[in-house]
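Peer 1: Output the structure for:
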Amino acid sequence: MTERIRLHIGGMTCANCEARIQKRLSALAGVTRAAVSWKRATADVDYDAQLVTREALCAEIAALGTRCGARARRGA
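Peer 2: Take a look at the predicted model:
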C-alpha cells in the first residue's frame with residue numbers, strides 16, 4: 001500500500017542539500033516519489049510501507065548530516 005508522508009528536515013541549508021536528499025530518497029526501494037524543499041525544510045515522500053519504513057527514510061536523511069522528523073501522514 002502506498003503511503004504519503006511529510007518529513008521535516010533540520011539542518012538543510014541550500015539547494016545542494018535538497019538535491020542530495022532527494023536523490024538519496026528516490027533511490028530507496030519502495031519510494032515512488034520524493035519532493036524535497038530546502039526553503040520549506042520538508043520532504044514529501046510517497047512510498048510502499050511494505051518495502052520501506054518511515055524510520056528508514058529518516059535514517060537516510062540523517063546519514064547525510066541532517067535531522068528528520070515526521071510532520072503529517074496520510075494515505076496516498
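Peer 1: what residues are up against V36?
Peer 2: Residues near V36 by CB atoms under 8 Å, 6 or more residues apart in numbering: I9, M12, E18, A19, I21, Q22, L25, T42, A43, D44. Yep, even glycine has a C-beta here, placed from its N, CA and C like the rest.
Peer 1: Return a ChimeraX selection command for the buried portion of the residues you listed.
Peer 2: Paste this into ChimeraX to select the buried members of the contacts of V36, with burial taken from 16 or more other CB atoms under 10 Å:
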select :9,12,18,21,22,25,42,43,44
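Peer 1: nearest to L51, of the contacts of V36?
Peer 2: Ranked by distance to L51 (CB to CB), the contacts of V36 are led by L25 at 13.1 Å.
Peer 1: my guess is the closest one meets E60, correct?
Peer 2: Yes - distance between L25 and E60: 6.1 Å, which falls inside the contact criterion (CB atoms under 8 Å).
Peer 1: how about low-confidence regions in this structure?
Peer 2: Filtered on pLDDT under 70, the chain yields the residue ranges 71-76.
Peer 1: can you give me the helices for it?
Peer 2: Taking DSSP state H, the helices of the chain run over residues 15-26, 54-63.
Peer 1: do you know which of those lies nearest T32?
Peer 2: Nearest of the helices of the chain to T32, taken as CB to CB: helix 15-26 at 9.0 Å.
Peer 1: packing partners for that closest one?
Peer 2: For helix 15-26, the packing partners by 3 or more CB pairs under 8 Å, 6 or more residues apart in numbering; DSSP states H and E come out as strand 31-37, strand 42-48, helix 54-63.
Peer 1: and the ones you listed, which is most packed in?
Peer 2: Most buried of those, by mean neighbour count (mean count of other CB atoms under 10 Å): strand 42-48, with a mean of 20.
Peer 1: just how off-centre is stretch 32-52 within its chain?
Peer 2: 4 Å (CA atoms, centre = their mean, to the nearest Å).
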